[in-house]
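Chemist: just to be clear, the model below is a prediction. Sequence and coordinates:
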Amino acid sequence: MTVENIIKALKDGDNINASREFEATMADKMTKALDAEKINLAAMVGKKEEQE
């Protein structure tokens, strides 16, 4: 699940594997981004509750 794997698959002409690698890489990046936003949101809610 790396960009290098995508490039290697494309270079080898393996479009199916490149597509799978791309989808897996994007899913991993989206999961990490969503997890980071969940943490930020939880911190904001926690601060707001402390202020009240």
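Modeler: Right, received. Where do you want to start?

Chemist: for the protein, just list every one of the helices.
Modeler: Along the chain, counting by DSSP state H, helices occupy 3-11, 15-51.

Chemist: turn these into a markdown table, columns for mean neighbour count and mean pLDDT.
Modeler: In short, each C-beta sits where N, CA and C put it, glycine included. Shown next, in a markdown table, are these (neighbours: other Cβ atoms under 10 Å; pLDDT from 0 to 100):
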| stretch | mean neighbour count | mean pLDDT |
| --- | --- | --- |
| helix 3-11 | 13 | 94 |
| helix 15-51 | 11 | 92 |
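
Chemist: contacts only, for A43.
Modeler: Counting by Cβ atoms under 8 Å, 6 or more residues apart in numbering, A43 touches no other residue.

Chemist: how much space separates it from K32?
Modeler: As judged by Cβ to Cβ, to the nearest Å, A43 and K32 stand 17 Å apart.

Chemist: over to L10?
Modeler: Going from L10 to K32 by Cβ to Cβ gives 23 Å.

Chemist: swap in G13?
Modeler: Counting by Cβ to Cβ, the separation of G13 from K32 is 30 Å.

Chemist: from memory N17 sits against K11, does it?
Modeler: No - between N17 and K11 there is no contact under Cβ atoms under 8 Å: 11.3 Å.

Chemist: return the distance of the nearest residue to L10 once chain neighbours are set aside relative to D12.
Modeler: Nearest non-adjacent residue to L10, counting by Cβ to Cβ, 6 or more residues apart in numbering: A18, 4.7 Å away. As judged by Cβ to Cβ, A18 and D12 stand 9 Å apart.

Chemist: repeat for M30
Modeler: 26 Å.

Chemist: who are the contact partners of E21?
Modeler: E21 touches 1-2, 5-6, 9, counting by Cβ under 8 Å, 6+ apart.

Chemist: that concludes my questions; thank you for your assistance.
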